[in-house]
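**Student:** Mind folding the following:
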Amino acid sequence: MLQIAFIRENQEKVLKALAKRNMDAKSIVELAVQLDEKRRATQAEMDNVLSESNKLSKDIGELMKSGEKAKAEILKAKTVSLKEKSKELSDKLDVYTEELTEQLYLLPNLPADLVPEGKTPEDNVTTLQEGDIPDLHGEALPHWELVKKYDIIDFELGNKITGAGFPVYKGKGAKLQRALITYFLDKNTEAGYQEFQVPHFVNEASAYGTGQLPDKEGQMYHDATDNLYMIPTAEVPVTNLFRDVLLQENELPILATAYTPCFRREAGSYGAHVRGLNRLHQFDKVEIVRVEHPDKSYEALEGMVEHVRTILNELKLPYRILRLCGGDMGFASAMTYDFEVFSTAQDRWLEISSVSNFETFQSNRLKLRFKDKDGKNHLAHTLNGSSLALPRVLAGILENYQTPEGIVIPEVLRPYTGFDIIN
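**Tutor:** Okay, the predicted model is just below:
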């Protein structure tokens, strides 16, 4: 959530930055500033009333001590009136604060200066492409045919049990999935990330804290009875570990990683691009999250990008890195790099990771702060990245490593799988 003080003092800058997202936010910003003016005026009036009430209470005490009860009773009548006025102002203040918060929730994060202009994914900037695209044999298949051929993932069985988008992994397919999860976690913990196991449901406050609500409400599975949301990514529960926390500066940075299943309704998804593992309602992902000093968050972002690169280089998958344009970035992000693996059998790039810096957008909602050496409190910067999302990594391995004899397992995974080919 953007800070109202910053908006108030930099209205033109905010509008220009949001225009980079192809958003005309003038009406929202103007209304937010008006509500903030009313809120601050009401707060000032209430403070004056409370100050006057406190002074009268002291005067009443002195009059009672001196035996001037009649005068004290007159002042008591005034305090009753002031308490009523204070209650009225307090209710008014709550209304303005709630209305202001609702407006601020509508505003996405401001793109960083390095974010390119653009409206669609076609306007994203490729910053790196690495790895050789394999020359597959003439009978090469897309992964949804390979999994049937080798009986390692069953989409129809998942559809019977639950519905479309909930596959069942079998045999070597299940072992390969587990191997990838363990390998990703091992790489992350070796890099200094502390591993967490977190709940797969979060409350409303947590979903608001990381920016899933109200922006992505339609994509989240919701249990109305307990008002809980199934997580769309481990980013939500892991980042909320630090909600309402005041850190000391020397505790930064904080590095966390977690494996979770992820649940997304993906409302409106259809077509060939969602076949097989390309788009699921339930999928596995290993996430990395960082809480950083504002001065070091972009250095940390580049470090996270290099970390994901290391994993993909070890898997020997062809990939590219994109710096997303303003029109393609997520609601809460100030800057995002996407990783895409090349699916040779599908002849297309598949997104497998997003690595983002949210600056203070999440920490303002979360009230995640740190105290500097001078004792002043500041909002921390939060970052997160997929390290990695499994479905499309698995699709890339199945398609790019296929041979006439079977699917060869990447060498780095063989200690985890216990086998070197699926045949």
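**Student:** And stretch 206-218, what's buried?
**Tutor:** Neighbour-count burial for stretch 206-218, with 16 or more other Cβ atoms under 10 Å as criterion, is recorded at 206-213, 215-216. To be clear about C-beta, it is placed using only N, CA and C from the backbone, and glycine gets the same treatment.
**Student:** I'd like to know which elements the longest helix along the chain is packed against.
**Tutor:** Across the chain, the longest stretch assigned as helix under DSSP state H is helix 26-65. Applying 3 or more Cβ pairs under 8 Å, 6 or more residues apart in numbering; DSSP states H and E, one finds that helix 26-65 makes contact with helix 4-9, helix 11-19, helix 69-105.
**Student:** can you pull out the helices in the stretch 151-300 of the chain?
**Tutor:** 155-161, 171-190, 204-209, 235-240, 297-315 (DSSP state H, counting those that start in this stretch).
**Student:** any idea how far the third one is from the chain center?
**Tutor:** So the one you mean is helix 204-209. Average the C-alpha atoms of helix 204-209, do the same for its chain, and the two points are 11 Å apart (Cα atoms, centre = their mean, to the nearest Å).
**Student:** Outside of that helix itself, which residues are in contact with it?
**Tutor:** Outside helix 204-209, the residues within contact range by Cβ atoms under 8 Å, 6 or more residues apart in numbering are 105, 213-214, 220, 227, 229, 236-237, 239-240, 243, 362, 365-366.
**Student:** which phi and psi does Tyr337 have?
**Tutor:** The phi and psi torsions at Tyr337 (degrees, to the nearest 10) take the values phi -110, psi 130.
**Student:** Ignoring the adjacent residues along the chain, who's closest to it?
**Tutor:** Using Cβ to Cβ, 6 or more residues apart in numbering and skipping residues adjacent in sequence, the residue nearest Tyr337 is Val355, 4.8 Å away.
**Student:** Next, the one you found: phi, psi?
**Tutor:** Val355 adopts backbone torsions of phi -120, psi 120, taken as degrees, to the nearest 10.
**Student:** among the helices and strands packed on helix 26-65, which is nearest Ala345?
**Tutor:** If you check each of those against Ala345 by Cβ to Cβ, helix 11-19 wins as the nearest, at 40.2 Å.
**Student:** Could you turn the buried ones of the contacts of helix 204-209 into a ChimeraX selection?
**Tutor:** Typed into ChimeraX, the next command selects the buried ones out of these (criterion: 16+ other Cβ under 10 Å):
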select :105,213,220,229,236,237,239,240,243,362,365,366
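**Student:** Distance to Lys92 and pLDDT added to the contacts of helix 204-209, as TSV?
**Tutor:** Supplementary listing: those in TSV, determined by distance: Cβ to Cβ, whole Å; pLDDT from 0 to 100:
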residue	distance to Lys92	pLDDT
Tyr105	21	95
Leu213	26	92
Pro214	24	89
Met220	34	95
Asn227	28	97
Tyr229	32	97
Val236	34	98
Pro237	36	98
Thr239	34	98
Asn240	31	98
Arg243	28	98
Gln362	30	98
Arg365	24	96
Leu366	27	97
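**Student:** Show me which of the contacts of helix 204-209 is closest to Gly171.
**Tutor:** Here the nearest of those to Gly171, counting by Cβ to Cβ, is Pro237; it sits at 30.8 Å.
**Student:** returning to what we had before: looking at the helices and strands packed on helix 26-65, which is closest to Ala44?
**Tutor:** Closest among these, using Cβ to Cβ: helix 69-105, at 9.9 Å.
**Student:** thinking again about what came up before, want to try JSON lines for the helices and strands packed on helix 26-65, with distance to His281 as columns?
**Tutor:** Listed next are these as JSON lines, based on distance: least, Cβ to Cβ, whole Å:
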{"stretch": "helix 4-9", "distance to His281": "37"}
{"stretch": "helix 11-19", "distance to His281": "32"}
{"stretch": "helix 69-105", "distance to His281": "26"}
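**Student:** List just the one of the ones you listed that sits closest to Phe263.
**Tutor:** With Cβ to Cβ, the closest approach to Phe263 among those belongs to helix 69-105: 22.5 Å.
**Student:** Strand partners (parallel or antiparallel) of whichever helix or strand comes after the closest one?
**Tutor:** On the C-terminal side of helix 69-105, the nearest following helix or strand under DSSP states H and E is strand 125-130. Paired neighbours of strand 125-130 in the sheet (DSSP bridges): strand 319-323 (antiparallel).
**Student:** pLDDT on the strand it pairs with, on average?
**Tutor:** For strand 319-323, the mean pLDDT works out to 98.
**Student:** quick one, it and helix 297-315 angle?
**Tutor:** Interaxial angle of strand 319-323 relative to helix 297-315 (axes from the mean of the first three to the mean of the last three Cα atoms, to 10 degrees): 160 degrees.
**Student:** and strand 319-323, how far out from the chain's middle?
**Tutor:** 20 Å.
**Student:** Under a three-state scheme, what state does the residue lying farthest from the centre of the chain occupy?
**Tutor:** Ranking residues of the chain by C-alpha distance from their mean position (Cα atoms, centre = their mean) puts Gly67 at the top, at 64.3 Å. Taking DSSP: H, G, I helix; E, B strand; the rest coil as the rule, one finds Gly67 in the coil state.
**Student:** now swap in Leu146 and tell me
**Tutor:** Using three-state DSSP, the secondary structure recorded for Leu146 is helix.
**Student:** tell me, how many neighbours does the nearest residue to it once chain neighbours are set aside end up with?
**Tutor:** Leaving aside its chain neighbours, Leu146 sits nearest to Leu398 (5.0 Å; criterion: Cβ to Cβ, 6+ apart). Residues within reach of Leu398, counting by other Cβ atoms under 10 Å, total 27.
**Student:** can you give me the strands for the stretch 301-423 of the chain?
**Tutor:** For the stretch 301-423 of the chain, applying DSSP state E, counting those that start in this stretch gives strands covering 319-323, 335-343, 348-359, 369-371, 377-379, 381-389, 402-403, 406-408, 421-422.
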